[in-house]
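>>> here's my sequence, what's the structure:
(one chain, ligands or ions: 1)
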Amino acid sequence: MTHNTGDSLRDLAQSTQDFYERFGVMPKGDVDLTGWIRNFQEEVHELIEAAQDGTNKDHIAEEAADVFVTAIGVCFATGVDVEKLVQQMYKVVAKNDAKTHETHVVSDGKIRRRNSG
Ligand SMILES: [Mg+2]
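As a prediction, this is how the structure comes out:
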């Protein structure tokens, strides 16, 4: 099944669910998180290595996508479904879009809320 609705967040989450179901590994209810977390950590490590190497942008993007997929797997393993993931991703989009230089400031390499008082 092709996932190409133009909503890449939803497509990735739904594709990941379908992928895990197709291979019979879609978590149903309480599961041991160990393997899901291990897969996620492996992909984070691969992304870090690709980023530190820095020479192959395609490879960096590929590893980032692997991180997204395995993060979704961790969420599924805890019972978070596609709809909740998509809702939360758009909440983050809205929150970040609402942040301005009036509300936030870069401090120690992080974008932080300005102190109001
Ligand atoms: Mg990878």
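>>> how about the residue lying closest to E46 once chain neighbours are set aside, what does it touch?
Of all residues beyond its chain neighbours, the one nearest E46 is E63 (4.8 Å), with distances taken as CB to CB, 6 or more residues apart in numbering. The way it works is simple: take the backbone N, C-alpha and C, and place the C-beta from them, glycine included. E63 sits next to E43, E46, L47, E49, A50, A51 when contact means CB atoms under 8 Å, 6 or more residues apart in numbering.
>>> for ChimeraX, what selects the buried ones among those?
In ChimeraX syntax, the buried subset of the contacts of E63 is picked out as below (16 or more other CB atoms under 10 Å):
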select :43,46,47,50
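>>> show me which of the contacts of E63 neighbour the ion.
E43, E46 (CB under 5 Å from the ion).
>>> just give the number of residues close to the residue in the chain positioned nearest to the ion.
Taking CB to the ion, the ion has its nearest neighbour within the chain at D66, 3.6 Å off. Residues lying near D66 (other CB atoms under 10 Å) number 18.
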